[in-house]
Each structure stands twice: as structure tokens, then as C-alpha cells.
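Novice: Build me a model:
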Amino acid sequence: MITCSIFNGFAKSGKYLKNRIIVEGTYIRNLGNFSEDWGSAAGGYIGYGFSFPAHNLLILRTGFINNSYKFNVEEASLTMILIEIGGRYYFTDSRFMPFFQFMNGLNIICENTNLKGEKEDKTLVKYAWQVGIGITINLVENLRVDVGANYQSNFYMTEAMNTGFEYVFGMGFAL
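Specialist: Residues are numbered from 1 along each chain as shown. So this is what the prediction gives:
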């Protein structure tokens, strides 16, 4: 009887922290040597968050990011398809929920122009991670708005790590 009560306590999510589908748009300001050619990037994510007691959300997501070439070469392209897993720690379970986030996974990078500006079709698979902060605002019972800022790093090349600041805006639909 006591064991059942303990497990029931762990199985319950909070008032606002619930499983959810998350759709986000992102803008990345690239830094370092990588940014000398590819100044910024934009894209989006879609994911699913599993809520756990004690303010935790496990997130599985995929996404697409397109980098902008700084020079006027219309054919230049560097896109990434992301497959990531990570989580958020929410400091409160209330209408306004600030959080700390860590994500990591693989980026499938498709490029047709290298860092020297030469045409070179290549597909790479690289490890990536990001860490950041944000806030989830619970608008109504099943609708949330997420705003966040992350530092991200994609192990593109040793001499030109793809690092940058990512700004995210999204919607969450609680289930």
C-alpha cells in the first residue's frame, strides 16, 4: 500500500508541466571563423517533451537550419538536419516557468560551398550541443509560448567550429 502511494506520487506531473508537442523557430548568429563566411542561420524544430516530476522535461526533437552565405553567391548552400535529445529543468511549475536547457545530438550537414568559397558538394555528420536559458509562459490550459537563448556548438571543422548564439521562439501544445 505504501509502495503504491510512493509510485503514484512520482507519476503525477505538476499543474503546468505536462507532456507536449513543441514547434519552434530559430535564428542563429554564428561566431568565430565559421561566421566569416556563414554569418547567420534560421530554421525550425519540432519535438516532443516528456514531463517528469521535480520540474524536468525530456525533449526529443528534429529540425532544419539554413545558413546564410555572407557573399552574394546565390548557389551557396549549407543546411543542417538535426536529431537531438536533451532536457529542461524548470525552476517553477506556474504560469511563468523559467528554465535551463541542454540539448545534444547529431547534425547532418549538406553543403555545396566550402569555407574557402569553392564549390564542393559534401555531406557531413557531426556532433552538436547547446546550453541555454528561457521561459515558458502558459497562456491557457494546453497552450504554451517558449522564448529562449542558447549557446550552440556544432563540430563542423577543427579550424572553424560552428558556434553561435541561438534565439528561439516557439509554441507548445500540452497533451
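Novice: Now for the residue nearest to Phe91 when sequence neighbours are not counted: which residues touch it?
Specialist: Of all residues not flanking Phe91 in the chain, Pro98 sits nearest, at 5.0 Å (C-beta to C-beta, 6 or more residues apart in numbering). (Glycine included, C-beta is placed from N, CA and C.) Counting by C-beta atoms under 8 Å, 6 or more residues apart in numbering, Pro98 touches 90-92, 133-135.
Novice: so where do the strands sit in this structure?
Specialist: Along the chain, counting by DSSP state E, strands occupy 20-31, 38-52, 56-69, 78-90, 96-113, 119-140, 143-157, 160-174.
Novice: Mind putting the ones you listed into a markdown table with mean pLDDT?
Specialist: Output for the strands of the chain, formatted as a markdown table (pLDDT from 0 to 100):
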| stretch | mean pLDDT |
| --- | --- |
| strand 20-31 | 94 |
| strand 38-52 | 93 |
| strand 56-69 | 94 |
| strand 78-90 | 95 |
| strand 96-113 | 93 |
| strand 119-140 | 92 |
| strand 143-157 | 90 |
| strand 160-174 | 91 |
